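Enquirer: pasting the sequence and the predicted model now:
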Amino acid sequence: LGEKMNWDEFKKEEREECRRCPRFEAKLVPPTVVRGARMLVIAQAPGKDEAEYKNPRPLIGASGRMANAIFRHAGIDREKISITNTCLCYVQGNPPPTPGEIQACAGLVEEVIKDLPGLRVILAMGKEATARMVGERSISVWRGSVILRPEKVTVGSQRVLGPDVFGPKAKKAGQLKPHL
């Protein structure tokens, strides 16, 4: 993978991690990378609507409509944010991605993060996206947590960019202390 990922020319057949992934034969839904974006949304995996759209892209189905409502309510312009999934390929029935499938796409999500030098916010939407970012499968303790100064982010089993993480226990105690 080069310095900047060209998603229009990306071929998963040329990537070893993709060829080993159980989702290899499935439809690829590439990320929406907006140059200069300060926010990245990481969702779970593409749904049927995203995969069947003439120009597949993340969060355009039912989850996308919900996300759009949230963005509008928060005053966020969707056209100015980048969006990807923990797994980039759609599987019939849209089952949650397995840890192996998440790991297979970890390098691709890392490329998206690296392609956004002005990135200030990563919003993990859902269990799999949050689990990927915090490196744990159980996320209930992380609900409502804030990761400040994301100098490092966990993608798959690798730390690519070590944040200062402040979890809900610290907030309830009235102190902001690293939760890790």
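Expert: On my side now, so go ahead.
Enquirer: what mean pLDDT does stretch 129-139 get?
Expert: Averaged across stretch 129-139, the pLDDT comes to 69.
Enquirer: from Glu16, how far off is the most centrally placed residue in the chain?
Expert: In the chain, the C-alpha nearest the mean C-alpha coordinate belongs to Ile42, at 2.4 Å (C-alpha atoms, centre = their mean). Between Ile42 and Glu16 the computed distance is 23 Å (C-beta to C-beta, to the nearest Å). The C-beta positions use only the backbone N, C-alpha and C, and glycine is treated the same way.
Enquirer: so the residue nearest to the centre of the chain: helix, strand or coil?
Expert: Secondary structure state of Ile42, per DSSP: H, G, I helix; E, B strand; the rest coil, is strand.
Enquirer: ok, it - contacts?
Expert: Ile83, Thr84, Asn85, Thr86, Val109, Ile122, Leu123, Ala124, Met125, Ala129, Arg132, Met133 (C-beta atoms under 8 Å, 6 or more residues apart in numbering).
Enquirer: can you tell me the closest non-neighbouring residue to it?
Expert: Beyond its immediate neighbours in the sequence, the residue positioned closest to Ile42 (C-beta to C-beta, 6 or more residues apart in numbering) is Ala129, lying 4.3 Å away.
Enquirer: from Glu9, how far out is the one you found?
Expert: Ala129 sits 26 Å away from Glu9, taking C-beta to C-beta as the criterion.
Enquirer: helices of this protein, start to end?
Expert: 16-20, 48-52, 62-74, 99-114, 127-134, 168-172 (DSSP state H).
Enquirer: now the ones you listed in CSV, with mean neighbour count and distance to Gly93?
Expert: As requested, the helices of the chain are exported to CSV (neighbours: other C-beta atoms under 10 Å; distance: least, C-beta to C-beta, whole Å):
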stretch, mean neighbour count, distance to Gly93
helix 16-20, 13, 20
helix 48-52, 17, 9
helix 62-74, 14, 15
helix 99-114, 21, 14
helix 127-134, 23, 15
helix 168-172, 13, 33
